[in-house]
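Turn this into a structure:
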Amino acid sequence: MDPPPRPSASLFDVYLRLRPSNTAEHERFLQVEAPSTSNGPTHITVQPPANDPRKRAIEKFAFTRVFEEDAGQLDLFRETGAVQMVEGVLGAKGREGRDALVATLGVTGSGKSHTILGDKAQRGLTQLTLDLLFQHTVLHLAPVDTSAAVFPSLCAADVSEAQLMPAAHFLDNIYDETHGRASRATTPAIVRDSAFHTTAKLPGAFPMPQELVPAKKTTQVFDRLYPSLSKYQIQQPATSPAPALKSPSRFAHLTRSIAKLTSPFQDTSFLSTAQTSRKYVPRLSALPQYPSVDDIELEVDTTCEYAIVVSMYEVYNDKIHDLLTASAGAMKAMQKRRALLYQKTELSPDRKVVAGLRKVVCSDLDEALLVLETGLQERRVAGTGSNATSSRSHGFFCIEVKKRHRASIPGPWSSSTFTIVDLAGSERARTAKTTGTHLAEAGKINGSLMYLGQCMELQSELHRTTTSAIAVPYRNCKLTELLFTNFFAPSTSTVRRQPQKAVMIVTADPGGDFNATGQILRYSALAKNIVAPRVPSTTSTILAGTNAPPSRGGANSAASGRTSPSTSSATTVALHDELATALAAIASLRQDLEITVLELQHERLRRGEAEENWQAAVLHTEEVEAEVREEVWAEMEARLVLEQRRWRAARDAEVEAGEAVLDAKISVLVRGLEEGGEADKENVAVFEDEGERMRKLEDEVGMLKGRLRESEEAGSRSPSKETRSPSKKMRVLKSRRWDGSGMGIEEGW
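Numbers count the residues shown, from 1 in each chain. As a prediction, the model looks like this:
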């Protein structure tokens, strides 16, 4: 098997950018040498200050290109190869894209954030890259908002276990939590002209070409909300019908955005120092629109469709935190600051990725800029004695370009990433006047930058020497691991990928801190040379003198007039013995030092492997815990289902038993009713016979009564019985003192 190819001369193309400084206050110690070719200067000379007590030497450093103070943002974007890297990320026709990396390195306050993010008057490399990408891919973007199959396919193709969401949904979640949803856009009003948002020319500020200064004019809000949308629209013929509107969700999002952007101006860019818990939509009209990249042409594969996914994270205190988990709620504060892992995943077994990020699928430049501003609001920024807006973390802005072949049955998505890194600047506590938390942050920043410098120096030394025993300790911190991992393809990788293209932009202030700037230049330059050597040391002087003992002995003898052969020979032998002993000790120490260095490298590798094993063990423990939880949950669910079945069976049996008892009772009742009906019929017949007999008896009684009355009437008419019968009665009545008046008794007596 052929050995793996050796790395290039340098992992980074290193460019140097000088910041304009006020030379009246500080002495300039950095000089740019005249260029030998028409490509521009490539060498600088660093001269120590005149009052330097250490008498340090004059040093000369070489870079790929040196940009002097008058270089603008567009010059840097064109000359550093950023345009070619954007074209490489998009990929040639029929080929996958190539990863790219742009990073800035320098002392705090040297202009790193200005180079990457720009200011209120000029755009940085990030905004220029986004503008160039969307200009040339707008006609080939996959319809994420209108197609129901595109977004699920993007989620399935992601290998980093990320949380993908469309930009409209993401922005609504971030900015609609504390604001009511407007039903319609308000009437456009007159706003301040763009000149109000530009900054005044200050000493030490980066230059801005006069032709890029916007003209002073008064416009309406709606005309300035999306000033660059017209150049992204498809040109329609004059006779063609009007293009259809966007999807309702997208149109509603733009309507709400317009309604909110007409509210009073709120400065939410990265230059703001005041932090607030309320989320305001950044005003797109207030963002810089210059310089323009309309004249830059790129080759795009027209047979493919693209999707642009944006993510942001920071390395703060050697931990990775997502910058797009912004939320106004205090309950989500712990979740927002949860550290992420840089690890291999199930879908990416041969390459480490930042797992668990929130990624946003952007459909146009305005959405990408809003996502960028949202992430910048969450980044750690604080004021120090050296810089009013000092970055306290290393910021990573990732533009992931998804690409697949356009057909009736689309092919799989391929991915390439353009990573833009804004490194925090090294600082001294004495100059920055930091204490407490800011001092701890500065220690972590300086430590990570020190590891970065060691990795860059060792990689350059590895290329210059023939030995391959030097190990680059890029696993010592999260920053170097994120920057250097993609340069080395693992031997077990089954996917052939092109090596990452990287550019390092070193920013320096020619009149700033000499010590800090010199340290940055030493481990970032492609080559360095000491022009004026140091004063020879005492040891080298002694060793040089012992190499010529005859001349020294002869001179001393002639001067003193003494000639003692025995004395001179004994002294020479003693000196030679002492010198041999010293040289042997030095050789032994050098051998011990080399062994110690090798052991140290071996121990560092073992430590890195142990840390990886520990992280793998932690992940395995979490996976086992998740599996156990799932098993327990499944067993509990099975038992619960079994108990539910038992309860339902018992209930059904009880219901059936009750129904059987009820049916028996009903049958008994029916039979009783049937038997009772026949008895009632018999009783009715008997009752009817007795009634007839009663009527006969009553008739007979009536007849007897009639006969009795007739006999009584006949007896009352007899004279013999007329005087006797009433007398008996009157005797009875008289004894009770009744006079018998009115009853006819007196007449009878």
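
At which residues are the helices of the stretch 601-749 of the chain located?
724-734, 745-748 (DSSP state H, counting those that start in this stretch).

Give me the below-cutoff pLDDT ranges for this protein.
Applying pLDDT under 70 to the chain picks out residues 1-10, 22-26, 176-281, 326-336, 462-470, 488-496, 527-570, 677-689, 717-749.

Quick check: can you list the domain ranges of it?
Domains of the chain are assigned by automatic domain parsing as 13-233+248-530, 586-708.

As TSV, the ones you listed with mean neighbour count would be great.
(C-beta placed from N, C-alpha, C; glycine too.) As requested, the domains of the chain are exported to TSV (neighbours: other C-beta atoms under 10 Å):
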stretch	mean neighbour count
domain 13-233+248-530	18
domain 586-708	10
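
Using a markdown table, please lay out those together with distance to Leu579.
Listed next are the domains of the chain as a markdown table, based on distance: least, C-beta to C-beta, whole Å:
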| stretch | distance to Leu579 |
| --- | --- |
| domain 13-233+248-530 | 29 |
| domain 586-708 | 10 |
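
of those, which approaches Leu575 most closely?
domain 586-708 (16.1 Å; C-beta to C-beta).

Quick one: classify Val368 as helix, strand or coil.
Actually, residue 368 is Ala rather than Val. helix (DSSP: H, G, I helix; E, B strand; the rest coil).

Give the full set of residues in contact with it.
130, 134, 167, 308, 310, 362 (C-beta atoms under 8 Å, 6 or more residues apart in numbering).

what about 7 Å?
Ala368 makes contact with 130, 310, 362, according to C-beta atoms under 7 Å, 6 or more residues apart in numbering.

re earlier: out of the domains of the chain, nearest to Ala714?
domain 586-708 (10.5 Å).

Secondary structure element holding Lys60?
strand 59-62 (DSSP states H and E).

name the helices or strands packed onto that strand?
strand 43-46, strand 527-530 (3 or more C-beta pairs under 7 Å, 6 or more residues apart in numbering; DSSP states H and E).

switch the cut-off to 8 Å
strand 43-46, helix 514-524, strand 527-530 (3 or more C-beta pairs under 8 Å, 6 or more residues apart in numbering; DSSP states H and E).

ok, that strand: who's next to it in the sheet?
strand 43-46 (antiparallel), strand 527-530 (antiparallel) (DSSP bridges).

picking up where we left off before, quick one: which of the domains of the chain is nearest Ala574?
domain 586-708 (18.6 Å).

out of the contacts of Ala368, which are inside helices?
Leu130 (DSSP state H).

ok, of the contacts of Ala368, which one's closest to Leu600?
Taking the contacts of Ala368 together and measuring to Leu600 by C-beta to C-beta, the closest member is Val310, at 41.0 Å.

Relative to Ile420, how far out is that closest one?
Applying C-beta to C-beta, to the nearest Å, the value for Val310 to Ile420 is 11 Å.

Find residues that contact each of those two.
With C-beta under 8 Å, 6+ apart, Val310 and Ile420 have common neighbours 397-399.

Can you tell me which of those is nearest Gln615?
Cys398 (21.8 Å).

Secondary structure class of Val401, three-state.
Note that with three-state DSSP, the state of Val401 is strand.

what's near enough to touch it?
Contacts of Val401 by C-beta under 8 Å, 6+ apart are 89-91, 97, 133, 306-309, 415-418.

partners of it in the sheet?
Ile308, Ser416.

Adjust the sequence numbering to begin at 23 for everything that follows.
Yes, from this point I'll number from 23; that puts the last item at Val423.

That one and Ala114: what is the separation?
13 Å.

got it, and Gln666?
Applying C-beta to C-beta to Gln666 and Ala114 gives a distance of 61 Å.

picking up where we left off before, would you mind giving the shared contacts of Val332 and Ile442 as a markdown table with distance to Tyr545 added?
Output for these, formatted as a markdown table (distance: C-beta to C-beta, whole Å):
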| residue | distance to Tyr545 |
| --- | --- |
| Phe419 | 24 |
| Cys420 | 26 |
| Ile421 | 28 |
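
Among the residues you listed, which one lies nearest to Ile688?
Cys420 (78.4 Å).

That closest one - that's part of a helix, no?
No - applying three-state DSSP, one finds Cys420 to be strand, outside a helix.

give me every residue that touches Gly128.
Here Gly128 is in contact with 134, 445, 447, 528-530, 539, 542 (C-beta under 8 Å, 6+ apart).

Checking my notes, Val124 in a strand, right?
Yes - residue state for Val124 (three-state DSSP) corresponds to a strand.

ok, it to Val322 distance?
For Val124 relative to Val322 (C-beta to C-beta), the value is 21 Å.

what does Ala672 give?
70 Å.

Likewise for Lys374?
Taken as C-beta to C-beta, the span from Lys374 to Val322 is 30 Å.

Tell me the secondary structure of Asn409, please.
coil.

Now it: closest residue in space that isn't a chain neighbour?
Gly131 (4.1 Å; C-beta to C-beta, 6 or more residues apart in numbering).

Also Gly103?
Gly103 sits nearest to Val525 (C-beta to C-beta, 6+ apart), 6.1 Å away.

what bridges to the one you found?
Asp35, Val124.

That one contacts Val108, correct?
No - counting by C-beta atoms under 8 Å, no contact exists between Val525 and Val108, whose distance comes to 11.8 Å.

which residues do these two both contact?
In contact with both Val525 and Val108: Ala122, using C-beta under 8 Å, 6+ apart.
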